[in-house]
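S.K.: my questions concern the predicted model and sequence given below.
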Amino acid sequence: MGSGKGRAAARVRGLDGLAVTRSAWGLYRETRRPGAPGPVARVRALPRLVRDALAGRYPGVGPGKLAALTLAVGVYLVSPLDAVPDFLPLLGWGDDTALLLWFLMGLTRESGRYVEWSAARGREARAPGAPGTPAASAPEALEALETLGG
C-alpha cells in the first residue's frame, strides 16, 4: 500500500518517467493536429516567447511565473540536494533529466500557443479598418483634412 502512495506523490509532482512520457506523447499529438504549429516553428518561437513574456506582451505566461519556474528548475538542477541523490548514477541523474524535459516540453507546448497567438495578432493588425492599414488611413486622412480646413 505504501508504494501506491509513493507513486501517487510522484504523479502529483509530474516528474516520474511515465508523466514525462505522457507529456512527450501529448506534445507530439498536439503538433500533429491540422493547422497546429510544427515542432520546428515552436522551437524557433521560444526566444520570442521568452522575450514577449518577460516584457509582459504575451498574456499566456506572466513574467513572474516564467522567471519563477526557470529559477526553480535551475536551482534544483544545480543544487546538491535532490529527490534522488546524484551519486546514484542512473537514478540520480534521471530525476534531473525528467525535470528538465518536463520544463522544456511545457515551454515548447506554450510556444505552440504563442505561435498561434502571434499569428492571430498579426491577422488583426492587417485586417481592413485596423489602425495604420490603408483602409483605415483614408478616413483618418479625410478627417484630418476637414479639421485643418474648417
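M.R.: That came in fine, so what should we check first?
S.K.: quick one, longest helix in the chain?
M.R.: In the chain, assigned by DSSP state H, the helix with the most residues is helix 89-126.
S.K.: pLDDT of it, averaged?
M.R.: Model confidence over helix 89-126 averages 85 on the pLDDT scale.
S.K.: in it, which residues are buried?
M.R.: If you call a residue buried by 16 or more other C-beta atoms under 10 Å, then helix 89-126 has these buried ones: 94-96, 98-99, 101-103, 105-115, 117-118. All C-beta spots, glycine's among them, are computed from the backbone N, C-alpha and C.
S.K.: ditto for stretch 64-76
M.R.: Of the residues in stretch 64-76, those buried by neighbour count under the rule 16+ other C-beta under 10 Å are L66, V73, Y76.
S.K.: what about the helices in this protein?
M.R.: Under the criterion DSSP H, the chain contains helices at 2-13, 17-32, 39-55, 63-78, 89-126, 134-149.
S.K.: show me what the fifth one packs onto, helices and strands only.
M.R.: Which is helix 89-126. Helices and strands touching helix 89-126, by 3 or more C-beta pairs under 8 Å, 6 or more residues apart in numbering; DSSP states H and E, are helix 17-32, helix 39-55, helix 63-78.
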